[in-house]
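Peer 1: What would the 3D arrangement of this be:
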Amino acid sequence: MATSVVVEDRAALDGLFRKHNGWLMRWLGRQRWTVSSAEDLASDVFIALLTMPNLGAVREPRALMTTVARRLICDARRRDDVRRSYEAELAALPESLDISAEERLIVVQALQAIDAMLSTLSDKARRAFLLSQVEGAPYADIAAELGVSVSMVRKYVAQGLRATYLATANQG
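Peer 2: Numbering: from 1, shown residues only. I've put the predicted structure just below:
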(Lines give C-alpha, C1' and ligand atoms only; values in the text may rest on other atoms or scores of the structure.)
Protein backbone atom coordinates (compact mmCIF):
# COMPACT_ATOMS: atom_id res chain seq x y z
CA MET A 1 0.00 0.00 0.00
CA ALA A 2 2.78 2.46 0.93
CA THR A 3 4.47 1.85 -2.43
CA SER A 4 1.40 3.02 -4.35
CA VAL A 5 1.31 6.24 -2.33
CA VAL A 6 4.96 6.89 -3.15
CA VAL A 7 4.35 6.15 -6.84
CA GLU A 8 1.30 8.43 -6.84
CA ASP A 9 3.27 11.23 -5.13
CA ARG A 10 6.11 10.84 -7.64
CA ALA A 11 3.61 11.02 -10.47
CA ALA A 12 2.04 14.11 -8.89
CA LEU A 13 5.47 15.70 -8.48
CA ASP A 14 6.38 14.84 -12.05
CA GLY A 15 3.13 16.44 -13.22
CA LEU A 16 3.75 19.55 -11.12
CA PHE A 17 7.27 19.84 -12.47
CA ARG A 18 6.24 19.45 -16.11
CA LYS A 19 3.34 21.87 -15.80
CA HIS A 20 4.80 24.56 -13.52
CA ASN A 21 8.61 24.50 -13.69
CA GLY A 22 8.79 27.07 -16.49
CA TRP A 23 6.42 29.38 -14.66
CA LEU A 24 8.35 28.95 -11.40
CA MET A 25 11.67 29.73 -13.12
CA ARG A 26 10.21 32.92 -14.64
CA TRP A 27 8.69 33.95 -11.31
CA LEU A 28 11.96 33.37 -9.48
CA GLY A 29 13.88 35.20 -12.21
CA ARG A 30 11.79 38.32 -11.60
CA GLN A 31 12.44 38.33 -7.85
CA ARG A 32 15.17 40.73 -6.78
CA TRP A 33 15.37 39.50 -3.21
CA THR A 34 16.72 36.06 -4.04
CA VAL A 35 20.10 34.84 -2.86
CA SER A 36 20.79 32.19 -5.49
CA SER A 37 19.97 31.43 -9.10
CA ALA A 38 16.44 30.71 -10.24
CA GLU A 39 17.52 27.22 -11.33
CA ASP A 40 18.94 26.39 -7.90
CA LEU A 41 15.89 27.70 -6.10
CA ALA A 42 13.48 25.88 -8.41
CA SER A 43 15.38 22.65 -7.74
CA ASP A 44 15.20 23.28 -4.00
CA VAL A 45 11.46 23.93 -4.25
CA PHE A 46 10.85 20.62 -5.98
CA ILE A 47 13.10 18.81 -3.49
CA ALA A 48 11.02 20.31 -0.67
CA LEU A 49 7.84 19.18 -2.46
CA LEU A 50 9.26 15.66 -2.58
CA THR A 51 8.98 15.46 1.20
CA MET A 52 5.33 16.57 1.26
CA PRO A 53 2.64 13.93 1.55
CA ASN A 54 -0.40 13.79 -0.73
CA LEU A 55 0.84 16.11 -3.48
CA GLY A 56 -1.99 15.01 -5.74
CA ALA A 57 -4.46 16.79 -3.46
CA VAL A 58 -2.80 20.21 -3.82
CA ARG A 59 -5.36 22.59 -5.33
CA GLU A 60 -3.14 25.65 -5.80
CA PRO A 61 0.29 24.35 -6.78
CA ARG A 62 1.67 27.76 -7.75
CA ALA A 63 0.71 29.25 -4.40
CA LEU A 64 2.37 26.30 -2.66
CA MET A 65 5.52 26.65 -4.78
CA THR A 66 5.83 30.40 -4.14
CA THR A 67 5.34 29.85 -0.40
CA VAL A 68 8.03 27.17 -0.35
CA ALA A 69 10.35 29.37 -2.45
CA ARG A 70 9.85 32.36 -0.14
CA ARG A 71 10.66 30.24 2.90
CA LEU A 72 13.78 28.85 1.26
CA ILE A 73 14.88 32.37 0.31
CA CYS A 74 14.28 33.68 3.85
CA ASP A 75 16.26 30.79 5.32
CA ALA A 76 19.12 31.38 2.89
CA ARG A 77 19.14 35.12 3.58
CA ARG A 78 19.15 34.53 7.33
CA ARG A 79 22.09 32.11 6.98
CA ASP A 80 23.89 34.64 4.78
CA ASP A 81 23.28 37.40 7.34
CA VAL A 82 24.73 35.23 10.11
CA ARG A 83 27.79 34.45 7.99
CA ARG A 84 28.36 38.11 7.08
CA SER A 85 27.95 39.26 10.69
CA TYR A 86 30.43 36.66 11.86
CA GLU A 87 32.92 37.58 9.13
CA ALA A 88 32.59 41.28 10.02
CA GLU A 89 33.35 40.46 13.65
CA LEU A 90 36.36 38.39 12.59
CA ALA A 91 37.65 41.23 10.42
CA ALA A 92 37.62 43.49 13.46
CA LEU A 93 39.81 41.10 15.49
CA PRO A 94 43.53 41.71 15.81
CA GLU A 95 45.57 39.50 13.49
CA SER A 96 46.99 37.56 16.44
CA LEU A 97 43.47 36.27 17.24
CA ASP A 98 42.62 35.24 13.67
CA ILE A 99 41.45 31.64 13.15
CA SER A 100 41.88 29.21 10.27
CA ALA A 101 39.40 28.85 7.42
CA GLU A 102 38.38 25.43 8.76
CA GLU A 103 37.69 26.86 12.22
CA ARG A 104 35.69 29.69 10.63
CA LEU A 105 33.54 27.21 8.74
CA ILE A 106 32.88 25.23 11.91
CA VAL A 107 31.86 28.38 13.78
CA VAL A 108 29.66 29.64 10.93
CA GLN A 109 27.90 26.27 10.71
CA ALA A 110 27.38 26.24 14.47
CA LEU A 111 25.96 29.77 14.39
CA GLN A 112 23.63 28.82 11.55
CA ALA A 113 22.44 25.77 13.50
CA ILE A 114 21.79 27.95 16.56
CA ASP A 115 19.94 30.48 14.41
CA ALA A 116 17.80 27.72 12.88
CA MET A 117 17.00 26.36 16.35
CA LEU A 118 16.08 29.82 17.65
CA SER A 119 13.82 30.43 14.66
CA THR A 120 11.58 27.56 15.84
CA LEU A 121 10.69 29.53 18.98
CA SER A 122 8.14 32.31 19.37
CA ASP A 123 9.54 35.82 19.79
CA LYS A 124 8.95 35.85 23.55
CA ALA A 125 10.32 32.34 24.05
CA ARG A 126 13.42 33.19 22.01
CA ARG A 127 13.98 36.42 23.97
CA ALA A 128 13.44 34.70 27.34
CA PHE A 129 15.77 31.85 26.40
CA LEU A 130 18.53 34.21 25.25
CA LEU A 131 18.18 36.50 28.28
CA SER A 132 18.39 33.48 30.57
CA GLN A 133 21.09 31.44 28.86
CA VAL A 134 23.30 34.10 27.27
CA GLU A 135 22.93 37.08 29.58
CA GLY A 136 22.23 35.14 32.77
CA ALA A 137 19.25 37.31 33.67
CA PRO A 138 17.08 36.12 36.57
CA TYR A 139 13.61 34.88 35.66
CA ALA A 140 11.96 37.73 37.58
CA ASP A 141 13.83 40.32 35.51
CA ILE A 142 12.95 38.49 32.29
CA ALA A 143 9.30 38.32 33.33
CA ALA A 144 9.26 42.08 33.99
CA GLU A 145 10.91 42.84 30.65
CA LEU A 146 8.56 40.61 28.65
CA GLY A 147 5.44 41.50 30.66
CA VAL A 148 4.69 37.88 31.58
CA SER A 149 4.71 35.79 34.76
CA VAL A 150 7.78 34.02 36.11
CA SER A 151 6.09 30.67 35.44
CA MET A 152 5.68 31.69 31.80
CA VAL A 153 9.38 32.53 31.64
CA ARG A 154 10.10 29.02 32.95
CA LYS A 155 7.95 27.58 30.16
CA TYR A 156 9.71 29.73 27.54
CA VAL A 157 13.16 28.70 28.76
CA ALA A 158 12.03 25.06 28.81
CA GLN A 159 10.90 25.45 25.18
CA GLY A 160 14.32 26.80 24.30
CA LEU A 161 16.08 23.97 26.10
CA ARG A 162 13.83 21.42 24.38
CA ALA A 163 14.55 22.98 20.98
CA THR A 164 18.28 22.89 21.76
CA TYR A 165 18.08 19.25 22.76
CA LEU A 166 16.12 18.31 19.62
CA ALA A 167 18.55 20.22 17.40
CA THR A 168 21.56 18.45 18.90
CA ALA A 169 19.83 15.05 18.88
CA ASN A 170 19.03 15.43 15.16
CA GLN A 171 22.67 16.17 14.34
CA GLY A 172 24.03 13.06 16.02
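
Peer 1: For the rest of this, base every contact and every neighbour count on C-alpha atoms.
Peer 2: Noted.

Peer 1: Relative to the whole chain's centre, how far out is stretch 163-172?
Peer 2: 14 Å (Cα atoms, centre = their mean, to the nearest Å).

Peer 1: Pull up the gap between Arg18 and Phe46, please.
Peer 2: As defined by Cα to Cα, to the nearest Å, Arg18 lies at a distance of 11 Å from Phe46.

Peer 1: So the two - more neighbours on which side?
Peer 2: Set Arg18 next to Phe46 and count neighbours by other Cα atoms under 10 Å: Phe46 wins out with 19 against 10.

Peer 1: show me what contacts the more buried one?
Peer 2: For Phe46, the contact set (Cα atoms under 8 Å, 6 or more residues apart in numbering) comprises 13, 17.

Peer 1: Check the gap between it and Leu72 for me.
Peer 2: Distance, Phe46 to Leu72, by Cα to Cα: 11 Å.

Peer 1: Which residue ranges of the protein form helices?
Peer 2: For the chain, the helices defined by DSSP state H cover 2-30, 38-50, 61-92, 101-118, 123-133, 139-146, 150-171.

Peer 1: now those helices in a markdown table, with mean pLDDT?
Peer 2: Below are these laid out as a markdown table (pLDDT from 0 to 100):
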| stretch | mean pLDDT |
| --- | --- |
| helix 2-30 | 75 |
| helix 38-50 | 85 |
| helix 61-92 | 84 |
| helix 101-118 | 84 |
| helix 123-133 | 91 |
| helix 139-146 | 93 |
| helix 150-171 | 87 |
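
Peer 1: Would you mind finding the most buried of these?
Peer 2: Ranked by mean neighbour count, those are led by helix 123-133 with a mean of 19 (mean count of other Cα atoms under 10 Å).

Peer 1: Give me the contacts around that one.
Peer 2: Here helix 123-133 makes contact (Cα under 8 Å, 6+ apart) with 118-119, 137-139, 142, 146, 153, 156-157, 159-161.

Peer 1: from those, which is closest to Arg77?
Peer 2: Ser119 (13.2 Å; Cα to Cα).

Peer 1: Give me the neighbour count for the closest one.
Peer 2: 14.

Peer 1: And the pLDDT at it?
Peer 2: You'll see Ser119 listed with a pLDDT of 87.

Peer 1: Could I get the contacting residues of it?
Peer 2: So Ser119 contacts Arg126 (Cα under 8 Å, 6+ apart).

Peer 1: give me that answer again for 10 Å
Peer 2: Residues near Ser119 by Cα atoms under 10 Å, 6 or more residues apart in numbering: 75, 78, 113, 126, 163.
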